[in-house]
Structure formats: structure tokens, C-alpha cells
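>>> Requesting a structural model of the entry that follows:
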Amino acid sequence: QVQLVESGGGLVQTGGSLRLSCVSSTDAFRLYIMSWYRQSPGKQREWIASVNARGAPTYLDSLKDRFSISRDNPKNTIYLEMSNLQREDTAVYCCCAKRKVGDRVDFWGQGTQVTVSS
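Numbering: from 1, shown residues only. So this is what the prediction gives:
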């Protein structure tokens with residue numbers, strides 16, 4: 001069973017920045033498409049961004065100017081750099097892994113809470 005562990009969440013003021021990390025327990029990490037999602041209370045889970053095995057990113061259009069996804073395969077880690085955070089960015093942020101485009105997600109992390117206050 002692959003474990004994904006997120007970190008880096010916390011309380012930040014409006015306009016601030018955070019970097020989230022997601023570490024995988026498997027060295028096969030490099031083969032997976034890795035993604036970030038978020039979910040706010042009362043809302044559906046929202047896809048933020050993905051990075052494929054070659055490191056090519058894709059983004060939700062509305063977030064691509066403020067959020068950046070990257071991966072470090074030797075460290076089995078992906079990152080989500082978030083800038084100019086707004087109150088509506090408050091959510092639990094989760095990473096996940098799947099082998100191929102179109103596949104269901106194979107593994108989910110537990111999530112890390114991001115709270116943006118004014």
C-alpha cells in the first residue's frame with residue numbers, strides 16, 4: 001500500500017503564500033501522475049493541478065496564475081506553491097496518485113488544512 005503524506009498547511013493572511021508538500025512511500029512514485037485537489041466545507045472536491053511522470057503540469061484555469069505544481073522524483077515528493085492566497089482558498093488540500101490519464105485515483109493522502117484569514 002502506497003502512503004501519501006501532505007504537509008505545509010496552516011494559517012496564512014490574505015495575500016500570503018504557502019508551499020505544500022506530498023511525500024510518497026514508494027520509489028515507484030516517478031511512474032505516477034500526481035495531483036492536488038482541495039475541498040472546502042459544503043463544497044465538492046475540486047481538482048487543482050496535475051504533474052505527469054515527465055514533469056509536465058496541467059492546471060485548473062482559474063488557479064494557474066497563482067498556483068504551481070512540481071515534482072522531485074529523487075525525493076518522492078510533489079509540491080504546490082500557492083501565492084496571493086484568498087479566503088476562498090481555505091480548504092483541505094490533498095494529493096493523489098494514479099498510473100495513467102483516465103484511470104481512477106489509486107492512492108490518496110489524508111490532506112493538510114489551509115486557512116486564509118483576512
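
>>> in a strand, that's where residue 23 is, yeah?
Yes - counting by DSSP: H, G, I helix; E, B strand; the rest coil, one finds residue 23 located in a strand.

>>> ok, what's across the strand from it?
Going by DSSP bridges, residue 23 is paired in beta bridges with residue 5, residue 77.

>>> Go ahead and confirm it touches residue 73.
No - in this structure, residue 23 is not within contact of residue 73 by Cβ atoms under 8 Å, at 12.0 Å. (Each C-beta comes from the backbone N, C-alpha and C, glycine too.)

>>> Please say which of these two ends up with more neighbours.
residue 23 (17 against 14; other Cβ atoms under 10 Å).

>>> quick one, what contacts the residue nearest to residue 110 when sequence neighbours are not counted?
Spatial nearest neighbour of residue 110, excluding adjacent residues (Cβ to Cβ, 6 or more residues apart in numbering): residue 6 at 6.8 Å. Residues in contact with residue 6 (Cβ atoms under 8 Å, 6 or more residues apart in numbering) are 20, 21, 22, 93, 94, 95, 109, 110, 111, 112.

>>> Could you pick out the buried ones from the residues you listed?
Taking 16 or more other Cβ atoms under 10 Å as the criterion, what is buried in the contacts of residue 6 is 20, 21, 22, 93, 94, 95, 109, 111, 112.

>>> Helices of this protein, start to end?
Under the criterion DSSP state H, the chain contains no helices.

>>> what's across from the spatially most central residue of it in the sheet?
For the chain, the residue nearest the mean C-alpha position is residue 36 (2.7 Å; Cα atoms, centre = their mean). Judged by DSSP bridges, the bridge partners of residue 36 are residue 49, residue 95.

>>> got the residue ranges for the strands in this structure?
Using DSSP state E, the strands of the chain run over 4-7, 10-13, 18-24, 33-39, 46-51, 57-59, 67-72, 77-82, 91-98, 107-108, 112-117.
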